[in-house]
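1. Need a 3D model of the sequence below.
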Amino acid sequence: MQAKSDSARWAGVNATVTREFITKTVKEIFDLHTEPNSIYRVLGDGHTELASLQKQIKKAVNEDASSLGVRVEDIGDGRVRCYFVHVRGDTDERTQEQLDAKQELEGRINGILDHAAEIDASVARALGKSHGNDGFNAGHSRYESLNDAEVERALELARKRYKMSDAELRELNRLLQFNSRETEGEFATEVYQGLGGPEKTLEFYAAMSIDGTGGDATQTRLDEVRDLQQVMGYT
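-> Below is the predicted model:
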């Protein structure tokens with residue numbers, strides 16, 4: 001229809017009204033294909049990543065904790081604690097190696113939970129942007145992968161620079177932390193390209209460092225800026 005409309009010799013009202021209507025209809029049909037494709041890809045990637053994390057959690061809780069004689073307890077807010085189970089007649093004395101192993105396991109499980117929460121938030125945000133909360137217009141954000149959505153969000157936050165809130169800076173740190181070690185390095189490459197390359201990236205970090213170490217900076221801000229330095233190094 002678009003091709004025929006473009007090549008037709010329109011006259012009168014049809015020269016504007018009908019041609020414009022066909023053009024808008026064609027775009028909407030294209031968007032109605034694009035939107036579910038974005039949703040399909042984002043959900044597929046999210047499922048793959050969460051399924052992998054689920055396997056890691058099951059191994060950590062069912063195998064690693066059991067072999068250490070440790071129990072994993074849900075303490076709410078997406079966090080767990082690990083503790084040694086008391087056995088009757090046991091002195092409850094533990095070697096430093098055992099204590100370190102327990103602490104490593106607790107940190108590992110909480111890290112997996114944090115990663116899962118980041119994926120969940122990224123998927124929800126991408127689905128919302130794909131749909132646009134508009135039942136009559138499908139033309140909104142387009143993603144080829146969940147990675148695209150995570151890069152978009154990371155750059156959206158980074159471009160705020162020192163205007164980021166503590167919560168936003170923490171979110172950026174998590175995005176960098178959990179996506180920077182991908183085998184193919186797509187996330188890292190796209191983030192640094194999006195920031196403008198090496199020089200602009202250094203300018204970004206310098207601005208954040210000055211903000212995070214100023215006289216009125218809180219300890220929370222300083223900690224987040226230190227984390228940013230570390231995760232940018234990974235990236």
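
2. hey, where'd the helices end up in the chain?
-> Using DSSP state H, the helices assigned to the chain run over residues 2-7, 17-59, 65-68, 96-131, 146-158, 166-179, 186-195, 198-213, 219-234.

3. just so I know, which of the ones you listed lies nearest residue 77?
-> With C-beta to C-beta as the measure, helix 96-131 is the member of the helices of the chain nearest residue 77 (9.9 Å). (Each C-beta comes from the backbone N, C-alpha and C, glycine too.)

4. Could you pull out the buried residues of the closest one?
-> Buried residues in helix 96-131, counted by 16 or more other C-beta atoms under 10 Å: 101-102, 105-106, 109-110, 112-113, 115-116, 118-119, 122-123, 125-127, 129-131.

5. how far away is the closest residue to residue 209 other than its chain neighbours from residue 167?
-> The shortest distance from residue 209 to any non-neighbouring residue, by C-beta to C-beta, 6 or more residues apart in numbering, is to residue 225 (6.1 Å). Distance of residue 225 to residue 167, computed by C-beta to C-beta, to the nearest Å: 14 Å.

6. Comparing the two, which residue is more hemmed in?
-> More neighbours surround residue 225 than the other of residue 225 and residue 167, with 20 against 10 (other C-beta atoms under 10 Å).

7. if we can go back for a sec, return the distance of the residue nearest to residue 209 relative to residue 213.
-> 7 Å.

8. hey, which helix or strand in the protein has the poorest pLDDT?
-> helix 2-7 (a mean of 84; mean pLDDT, DSSP states H and E).

9. hang on, isn't residue 78 packed against residue 114?
-> Yes - assessed by C-beta atoms under 8 Å, residue 78 is found in contact with residue 114 at 7.4 Å.

10. ok so, going back, which stretch in the helices of the chain has the least confidence?
-> Among the helices of the chain, helix 2-7 has the lowest mean pLDDT, at a mean of 84.

11. Can I get that helix as CSV, trimmed to CA atoms?
-> What follows is helix 2-7, C-alpha atoms only, in CSV (Å, rounded to 0.1, in the frame of the first residue of the first chain):
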residue,chain,number,x,y,z
GLN,A,2,2.8,2.4,0.8
ALA,A,3,4.5,1.8,-2.5
LYS,A,4,1.3,2.2,-4.4
SER,A,5,0.4,5.4,-2.4
ASP,A,6,3.8,6.9,-3.1
SER,A,7,3.6,6.3,-6.9
